[in-house]
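Colleague: Return a 3D structure for these sequence lines:
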Amino acid sequence: MIFRAMFPLVLSAAVVLLCFGSPPPSSCEVAGVVMKLPTQIGILTGIPQEPTEAEADLLPTDTTFAKMTYYTTNARPEERDVAHVSIVLAGAESRSIHRPEVCLPGQGWSVTGTKEITIPLQNGRQLRAKDLTITGLFSDKAGKRVQRKAHYVYWFTGTSASTPSHTERIVKSAWDAVIHNVTHRWAYSSVMAQVTDGLEVNDSSERKRTDEETLRLITYIIREAAPQFVKELMPR
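Modeller: Residues are numbered from 1 along each chain as shown. You can find the predicted model right below:
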(Lines give C-alpha, C1' and ligand atoms only; values in the text may rest on other atoms or scores of the structure.)
Protein backbone atom coordinates (compact mmCIF):
# COMPACT_ATOMS: atom_id res chain seq x y z
CA MET A 1 0.00 0.00 0.00
CA ILE A 2 2.82 2.38 0.89
CA PHE A 3 4.63 1.51 -2.34
CA ARG A 4 1.52 2.23 -4.42
CA ALA A 5 1.09 5.60 -2.72
CA MET A 6 4.76 6.50 -3.25
CA PHE A 7 4.99 5.25 -6.84
CA PRO A 8 3.91 8.53 -8.54
CA LEU A 9 6.47 10.47 -6.48
CA VAL A 10 9.24 7.99 -7.26
CA LEU A 11 8.36 8.07 -10.97
CA SER A 12 8.35 11.87 -11.04
CA ALA A 13 11.71 12.02 -9.28
CA ALA A 14 13.20 9.49 -11.71
CA VAL A 15 12.00 11.48 -14.70
CA VAL A 16 13.46 14.69 -13.28
CA LEU A 17 16.84 13.01 -12.67
CA LEU A 18 16.91 11.52 -16.15
CA CYS A 19 15.93 14.82 -17.73
CA PHE A 20 18.80 16.65 -16.03
CA GLY A 21 21.45 17.26 -18.64
CA SER A 22 19.57 15.44 -21.41
CA PRO A 23 19.21 17.11 -24.81
CA PRO A 24 15.75 18.47 -25.68
CA PRO A 25 13.56 15.82 -27.34
CA SER A 26 13.33 15.90 -31.09
CA SER A 27 9.98 16.58 -32.71
CA CYS A 28 8.46 13.47 -34.25
CA GLU A 29 6.56 14.36 -37.42
CA VAL A 30 5.51 10.81 -38.29
CA ALA A 31 2.24 9.68 -36.71
CA GLY A 32 1.51 6.05 -35.87
CA VAL A 33 -1.80 6.13 -37.74
CA VAL A 34 -3.06 6.85 -41.22
CA MET A 35 -5.88 9.38 -40.98
CA LYS A 36 -8.18 7.55 -43.35
CA LEU A 37 -10.85 5.07 -42.27
CA PRO A 38 -12.00 2.36 -44.70
CA THR A 39 -15.24 3.05 -46.53
CA GLN A 40 -16.26 -0.61 -46.34
CA ILE A 41 -15.93 -3.10 -43.47
CA GLY A 42 -17.55 -6.36 -44.53
CA ILE A 43 -21.23 -5.55 -45.04
CA LEU A 44 -20.88 -2.21 -43.24
CA THR A 45 -20.63 1.00 -45.29
CA GLY A 46 -19.03 4.11 -43.80
CA ILE A 47 -20.31 7.66 -44.18
CA PRO A 48 -17.76 10.39 -43.31
CA GLN A 49 -18.64 12.69 -40.42
CA GLU A 50 -17.39 16.14 -39.45
CA PRO A 51 -16.05 16.97 -35.98
CA THR A 52 -18.75 18.06 -33.57
CA GLU A 53 -19.08 21.72 -32.63
CA ALA A 54 -17.73 20.92 -29.15
CA GLU A 55 -14.66 19.18 -30.61
CA ALA A 56 -13.96 22.09 -32.94
CA ASP A 57 -14.33 24.64 -30.13
CA LEU A 58 -12.46 22.85 -27.35
CA LEU A 59 -9.54 21.18 -29.13
CA PRO A 60 -6.53 22.96 -30.69
CA THR A 61 -6.98 24.04 -34.29
CA ASP A 62 -4.20 21.74 -35.52
CA THR A 63 -6.00 18.63 -34.22
CA THR A 64 -6.81 16.23 -37.08
CA PHE A 65 -9.95 14.08 -37.25
CA ALA A 66 -11.12 11.03 -39.20
CA LYS A 67 -14.70 10.01 -38.39
CA MET A 68 -17.14 7.54 -39.90
CA THR A 69 -20.60 6.26 -39.07
CA TYR A 70 -20.99 2.69 -40.33
CA TYR A 71 -24.33 1.20 -41.38
CA THR A 72 -25.25 -2.28 -42.57
CA THR A 73 -25.39 -1.93 -46.35
CA ASN A 74 -28.84 -2.01 -47.96
CA ALA A 75 -30.61 -3.13 -44.79
CA ARG A 76 -33.96 -1.98 -43.46
CA PRO A 77 -33.71 0.15 -40.28
CA GLU A 78 -34.90 -2.66 -38.04
CA GLU A 79 -32.22 -4.99 -39.50
CA ARG A 80 -29.18 -2.74 -39.65
CA ASP A 81 -26.27 -2.21 -37.30
CA VAL A 82 -24.84 1.25 -36.63
CA ALA A 83 -21.46 2.11 -35.11
CA HIS A 84 -19.42 5.31 -34.81
CA VAL A 85 -15.64 5.22 -35.38
CA SER A 86 -13.27 8.10 -34.71
CA ILE A 87 -9.54 8.86 -34.85
CA VAL A 88 -8.22 12.04 -33.23
CA LEU A 89 -4.59 12.94 -33.97
CA ALA A 90 -2.79 15.49 -31.81
CA GLY A 91 -1.02 18.46 -33.31
CA ALA A 92 1.59 20.51 -31.51
CA GLU A 93 -0.41 20.51 -28.27
CA SER A 94 -0.85 17.30 -26.32
CA ARG A 95 -4.22 18.35 -24.88
CA SER A 96 -5.90 17.05 -28.05
CA ILE A 97 -5.54 13.57 -26.55
CA HIS A 98 -7.32 12.70 -23.31
CA ARG A 99 -9.14 9.89 -21.55
CA PRO A 100 -12.79 9.66 -22.69
CA GLU A 101 -13.79 9.21 -19.05
CA VAL A 102 -13.10 12.95 -18.78
CA CYS A 103 -15.30 14.17 -21.65
CA LEU A 104 -18.12 11.60 -21.80
CA PRO A 105 -19.95 13.05 -18.75
CA GLY A 106 -20.11 16.39 -20.55
CA GLN A 107 -21.96 14.62 -23.37
CA GLY A 108 -24.56 13.20 -20.99
CA TRP A 109 -22.99 9.77 -20.44
CA SER A 110 -22.00 8.13 -17.16
CA VAL A 111 -19.32 5.43 -17.08
CA THR A 112 -20.80 2.44 -15.26
CA GLY A 113 -18.16 -0.15 -16.08
CA THR A 114 -14.61 -0.37 -17.41
CA LYS A 115 -12.37 -3.26 -18.37
CA GLU A 116 -9.40 -3.95 -20.59
CA ILE A 117 -9.98 -6.29 -23.52
CA THR A 118 -7.64 -7.97 -26.00
CA ILE A 119 -8.82 -8.15 -29.61
CA PRO A 120 -7.28 -10.81 -31.90
CA LEU A 121 -6.69 -9.41 -35.37
CA GLN A 122 -6.92 -11.15 -38.73
CA ASN A 123 -3.13 -11.00 -39.18
CA GLY A 124 -2.56 -13.00 -35.98
CA ARG A 125 -1.56 -10.01 -33.86
CA GLN A 126 -3.47 -8.60 -30.90
CA LEU A 127 -4.66 -5.14 -29.89
CA ARG A 128 -5.29 -4.10 -26.29
CA ALA A 129 -8.19 -1.70 -25.79
CA LYS A 130 -10.40 -0.39 -23.00
CA ASP A 131 -14.12 -1.13 -23.01
CA LEU A 132 -16.33 1.42 -21.24
CA THR A 133 -19.95 0.61 -20.49
CA ILE A 134 -21.81 3.93 -20.52
CA THR A 135 -25.41 4.95 -19.78
CA GLY A 136 -27.37 8.18 -20.04
CA LEU A 137 -30.81 9.77 -20.29
CA PHE A 138 -31.57 11.22 -23.73
CA SER A 139 -34.70 12.42 -25.52
CA ASP A 140 -36.24 10.10 -28.10
CA LYS A 141 -37.96 11.23 -31.30
CA ALA A 142 -41.15 11.98 -29.36
CA GLY A 143 -39.31 14.06 -26.77
CA LYS A 144 -39.55 11.38 -24.08
CA ARG A 145 -36.51 10.85 -21.84
CA VAL A 146 -35.11 7.37 -22.48
CA GLN A 147 -32.34 5.50 -20.68
CA ARG A 148 -29.68 4.47 -23.18
CA LYS A 149 -26.71 2.13 -22.84
CA ALA A 150 -23.66 1.79 -25.06
CA HIS A 151 -20.18 0.34 -25.31
CA TYR A 152 -17.30 2.74 -25.96
CA VAL A 153 -14.00 1.04 -26.82
CA TYR A 154 -10.81 3.05 -27.24
CA TRP A 155 -7.01 2.94 -27.28
CA PHE A 156 -4.05 5.30 -27.79
CA THR A 157 -1.51 4.97 -30.59
CA GLY A 158 1.93 6.58 -30.51
CA THR A 159 4.64 6.69 -33.13
CA SER A 160 5.45 3.00 -32.64
CA ALA A 161 3.25 1.77 -29.79
CA SER A 162 -0.38 1.28 -28.76
CA THR A 163 -1.89 1.15 -25.28
CA PRO A 164 -5.36 1.43 -23.69
CA SER A 165 -3.82 2.95 -20.55
CA HIS A 166 -3.50 6.70 -20.01
CA THR A 167 -0.83 6.03 -17.37
CA GLU A 168 1.19 3.82 -19.73
CA ARG A 169 0.94 6.52 -22.40
CA ILE A 170 2.29 9.20 -20.04
CA VAL A 171 5.11 6.96 -18.79
CA LYS A 172 6.13 5.93 -22.32
CA SER A 173 6.06 9.55 -23.46
CA ALA A 174 8.39 10.56 -20.62
CA TRP A 175 10.67 7.53 -21.07
CA ASP A 176 11.07 7.89 -24.85
CA ALA A 177 11.57 11.64 -24.59
CA VAL A 178 14.43 11.17 -22.13
CA ILE A 179 16.01 7.88 -23.22
CA HIS A 180 15.38 7.92 -26.97
CA ASN A 181 15.07 11.69 -27.53
CA VAL A 182 11.70 11.16 -29.27
CA THR A 183 8.42 12.97 -28.75
CA HIS A 184 5.38 10.84 -29.57
CA ARG A 185 2.55 12.25 -31.64
CA TRP A 186 -0.35 10.41 -30.04
CA ALA A 187 -3.65 9.47 -31.65
CA TYR A 188 -6.80 8.33 -29.94
CA SER A 189 -9.11 5.83 -31.67
CA SER A 190 -12.59 4.84 -30.53
CA VAL A 191 -15.59 2.77 -31.61
CA MET A 192 -19.03 3.28 -30.06
CA ALA A 193 -22.32 1.41 -30.53
CA GLN A 194 -25.56 1.42 -28.56
CA VAL A 195 -27.15 -1.57 -26.86
CA THR A 196 -30.50 -1.47 -28.67
CA ASP A 197 -32.23 -4.40 -26.98
CA GLY A 198 -35.18 -2.94 -25.09
CA LEU A 199 -35.46 0.28 -27.10
CA GLU A 200 -38.54 0.94 -29.19
CA VAL A 201 -38.07 0.34 -32.92
CA ASN A 202 -39.01 3.89 -33.88
CA ASP A 203 -36.47 5.21 -31.38
CA SER A 204 -33.41 3.10 -32.15
CA SER A 205 -33.83 2.51 -35.93
CA GLU A 206 -31.41 -0.39 -35.53
CA ARG A 207 -31.38 -4.14 -35.18
CA LYS A 208 -32.07 -5.35 -31.65
CA ARG A 209 -28.67 -6.07 -30.10
CA THR A 210 -27.92 -7.40 -26.64
CA ASP A 211 -24.99 -6.21 -24.58
CA GLU A 212 -22.81 -9.09 -25.80
CA GLU A 213 -23.85 -8.64 -29.45
CA THR A 214 -23.02 -4.95 -29.31
CA LEU A 215 -19.51 -5.62 -28.01
CA ARG A 216 -19.05 -8.29 -30.70
CA LEU A 217 -20.00 -5.72 -33.36
CA ILE A 218 -17.40 -3.28 -32.01
CA THR A 219 -14.62 -5.86 -31.78
CA TYR A 220 -15.42 -7.04 -35.32
CA ILE A 221 -15.02 -3.49 -36.63
CA ILE A 222 -11.72 -3.04 -34.79
CA ARG A 223 -10.42 -6.42 -35.94
CA GLU A 224 -11.13 -5.55 -39.58
CA ALA A 225 -10.34 -1.83 -39.58
CA ALA A 226 -7.40 -1.31 -37.19
CA PRO A 227 -4.82 -3.02 -39.47
CA GLN A 228 -5.85 -0.56 -42.17
CA PHE A 229 -5.02 2.61 -40.23
CA VAL A 230 -2.68 1.67 -37.35
CA LYS A 231 0.76 1.52 -38.96
CA GLU A 232 2.33 -1.01 -36.57
CA LEU A 233 -0.54 -3.41 -37.33
CA MET A 234 -0.32 -3.12 -41.11
CA PRO A 235 1.04 -6.06 -43.12
CA ARG A 236 4.79 -5.87 -43.47
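Colleague: Please identify which helix or strand holds Ile197.
Modeller: That one is not Ile; residue 197 is Asp. Assessed by DSSP states H and E, Asp197 sits outside every helix and strand.
Colleague: and it, how many neighbours?
Modeller: Neighbourhood size, Asp197 [other Cβ atoms under 10 Å]: 15. Glycine gets a C-beta too; all of them are placed from N, C-alpha and C.
Colleague: residues contacting it?
Modeller: 208-211, 213 (Cβ atoms under 8 Å, 6 or more residues apart in numbering).
Colleague: Report the buried residues of stretch 114-123.
Modeller: For stretch 114-123, a neighbour-count test (16 or more other Cβ atoms under 10 Å) marks 117, 119 as buried.
Colleague: no wait, stretch 175-189
Modeller: In stretch 175-189, counting by 16+ other Cβ under 10 Å, buried: 176-178, 182-189.
Colleague: What mean pLDDT does the host helix or strand of Ile221 get?
Modeller: Element membership of Ile221, judged by DSSP H and E, is helix 211-229. For helix 211-229, mean pLDDT is 96.
Colleague: How about stretch 66-75?
Modeller: pLDDT averaged over stretch 66-75 gives 95.
Colleague: on that earlier part again, quick one: the buried residues of stretch 175-189 as TSV, columns for secondary structure too.
Modeller: TSV is the format used below for the buried residues of stretch 175-189 (DSSP: H, G, I helix; E, B strand; the rest coil):
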residue	secondary structure
Asp176	helix
Ala177	helix
Val178	helix
Val182	strand
Thr183	strand
His184	coil
Arg185	coil
Trp186	coil
Ala187	strand
Tyr188	strand
Ser189	strand
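Colleague: Next one, pLDDT for the residue nearest to Thr135 when sequence neighbours are not counted please.
Modeller: Nearest non-adjacent residue to Thr135, counting by Cβ to Cβ, 6 or more residues apart in numbering: Lys149, 4.9 Å away. Confidence at Lys149, expressed as pLDDT, is 95.
Colleague: what sits against Lys149?
Modeller: 133-135, 194-195, 211.
Colleague: do Asp131 as well
Modeller: Contacts of Asp131 (Cβ under 8 Å, 6+ apart): 113-117, 151-153, 215, 218.
Colleague: ok, back up a step: go through the helix holding Ile221 and flag the buried ones.
Modeller: Those would be 213-215, 217-227, 229, for helix 211-229 by 16+ other Cβ under 10 Å.
Colleague: do the same with stretch 75-93
Modeller: 80-90.
Colleague: Ok, stretch 46-62 next?
Modeller: Quick answer for stretch 46-62 (16+ other Cβ under 10 Å): 46, 51, 55, 59.
Colleague: Out of those residues, list just those in strands.
Modeller: Those of the buried residues of stretch 46-62 mapping onto strands are Gly46, per DSSP state E.
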